[in-house]
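Asker: Requesting a structural model of the entry that follows:
(4 chains)
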Number of protein chains: 2
Amino acid sequence: MKHTFNQKPDYEKELRNAGVRITRPRRIILDILTSTEDHPDAMKIFHRAIEIDDSISLSTVYRTMNLLEEMGAIHRHAFNGGPSRFEQAHGEHHDHLIDVDTGAVIEFKSDKIEKLQEEIAKSLGYDIIHHRLELYGRKIDRSS
Amino acid sequence: MKHTFNQKPDYEKELRNAGVRITRPRRIILDILTSTEDHPDAMKIFHRAIEIDDSISLSTVYRTMNLLEEMGAIHRHAFNGGPSRFEQAHGEHHDHLIDVDTGAVIEFKSDKIEKLQEEIAKSLGYDIIHHRLELYGRKIDRSS
DNA sequence: GACACAGTTGCAAAGATTCTCAACTGGAAT
DNA sequence: ATTCCAGTTGAGAATCTTTGCAACTGTGTC
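Answerer: All right, here's what the predicted structure looks like:
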């Protein structure tokens, strides 16, 4: 169970396969997510969305983010109490190393860890649906 | 891999060492956390707290939970949009396997994974301060 | 294309969490 | 024990997120 390419994913297809309707608001929100480089929060996404269709509601933004998160299509980050910020999950699954000083997010992936996780889950009698691994670290400073 | 066991940690000592004041509200909240078996949310903790001292405010509960979480003394779980629920981290660090159907939380620990994480962080130029590993799984059903 | 129905939406209201700030307090220094 | 001050608190406002519900709309079926 792993995806191995790093192209712009076809979210609409994924959504259909998951038995989820492709609605106008969802299409717009997906466009915003796939065409942005930053990590916007719900309000930011909402503002960008109403420029395209001003009938979209903030609730729908939140609902869509939850939906996409459950599907594994996006990741949610919550820094020091602020609102959640989102980023699209690239085709490939990856974990995160968060710089505790700057909030910077570094993505990484380890097949070894993935494999270990599955072994552990199995030994506890479970199949893994998805997982979240976040390392919080501080840059090694060799100068001081 | 091994399971952790319960042991009542000396939180006050840990707090002092971290340069944090031991206040009356904090002592009460810590008592509640160390003497409970369930995973209460902030409101539940608040209600238990005001039975002991009705001047404690909900803000303080939230602030204390954030403080303890940063210190690694408790863990926060957020199930399907509901309020965050907390549990004390036992003396030993452990990770979590969450049953997506029941919300049950199973604790486990793997030295192998811990070690791998450190290697990865180091190779990215970071020291790990703490981390969070959550597996979301479904019970393997052998009857069907 | 029209129909039906379950999934989805927008809105408003409720719920959860953080923030602001003046008042208060733990604990270090005296 | 008293003083002092940065850290902490309570109260309520502000912010963020979810929810209930009636209206609306994709999508499968004819």
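
Asker: just checking, what packs against the one helix or strand A:Glu114 maps to?
Answerer: If you go by DSSP states H and E, A:Glu114 is part of helix A:111-123. The contact analysis (3 or more C-beta pairs under 8 Å, 6 or more residues apart in numbering or on different chains; DSSP states H and E) places helix A:111-123 against strand A:126-139, helix B:111-123, strand B:126-139. C-beta here means a position set from N, CA and C on the backbone, and glycine is covered the same way.

Asker: Quick one: the strands in chain A, in order.
Answerer: A:74-77, A:85-88, A:95-99, A:105-108, A:126-139 (DSSP state E).

Asker: Could you export these as TSV, including distance to B:Glu119?
Answerer: Formatted as TSV, the strands of chain A follow (distance: least, C-beta to C-beta, whole Å):
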stretch	distance to B:Glu119
strand A:74-77	23
strand A:85-88	25
strand A:95-99	12
strand A:105-108	11
strand A:126-139	11
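
Asker: Which of those sits closest to chain B?
Answerer: Nearest to chain B among these is strand A:126-139 (3.5 Å), distances taken as C-beta to the nearest C-beta.

Asker: domain parsing for chain A?
Answerer: A:7-91, A:92-139 (automatic domain parsing).

Asker: got the residues of chain A near chain B?
Answerer: Residues of chain A found near chain B (C-beta under 8 Å from any C-beta of the partner chain) are A:66, A:81, A:97, A:99-100, A:106, A:108, A:110, A:112-113, A:116-117, A:120-140.

Asker: Just list the residues touching the residue nearest to A:His39 when sequence neighbours are not counted, thanks.
Answerer: Nearest non-adjacent residue to A:His39, counting by C-beta to C-beta, 6 or more residues apart in numbering or on different chains: A:Arg85, 4.3 Å away. Going by C-beta atoms under 8 Å, 6 or more residues apart in numbering or on different chains, A:Arg85 touches A:39-41, A:76-79.

Asker: Just the buried ones out of the residues you listed, please.
Answerer: Using 16 or more other C-beta atoms under 10 Å in any protein chain shown as the burial test, these include A:39-41, A:76-77 as buried.

Asker: Kindly report the residues of chain A close to DNA strand C.
Answerer: A:20-21, A:23, A:25-26, A:53, A:55-57, A:59-60, A:63-64, A:80-82 (C-beta under 7 Å from any atom of the strand).

Asker: what's the angle between the helix holding A:Glu114 and strand A:126-139?
Answerer: Angle of helix A:111-123 versus strand A:126-139, following axes from the mean of the first three to the mean of the last three C-alpha atoms, to 10 degrees, is 140 degrees.

Asker: Give me the buried stretch members for helix A:111-123, please.
Answerer: Neighbour-count burial for helix A:111-123, counted by 16+ other C-beta under 10 Å, picks out A:113-114, A:116-118, A:120-121.

Asker: Redo those as TSV? Include pLDDT.
Answerer: TSV is the format used below for the buried residues of helix A:111-123 (pLDDT from 0 to 100):
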residue	pLDDT
A:Ile113	91
A:Glu114	91
A:Leu116	93
A:Gln117	93
A:Glu118	93
A:Ile120	93
A:Ala121	94
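
Asker: Would you format these as a markdown table with distance to B:Asp10 included?
Answerer: What follows is those, written out as a markdown table (distance: C-beta to C-beta, whole Å):
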| residue | distance to B:Asp10 |
| --- | --- |
| A:Ile113 | 32 |
| A:Glu114 | 37 |
| A:Leu116 | 32 |
| A:Gln117 | 32 |
| A:Glu118 | 36 |
| A:Ile120 | 30 |
| A:Ala121 | 33 |
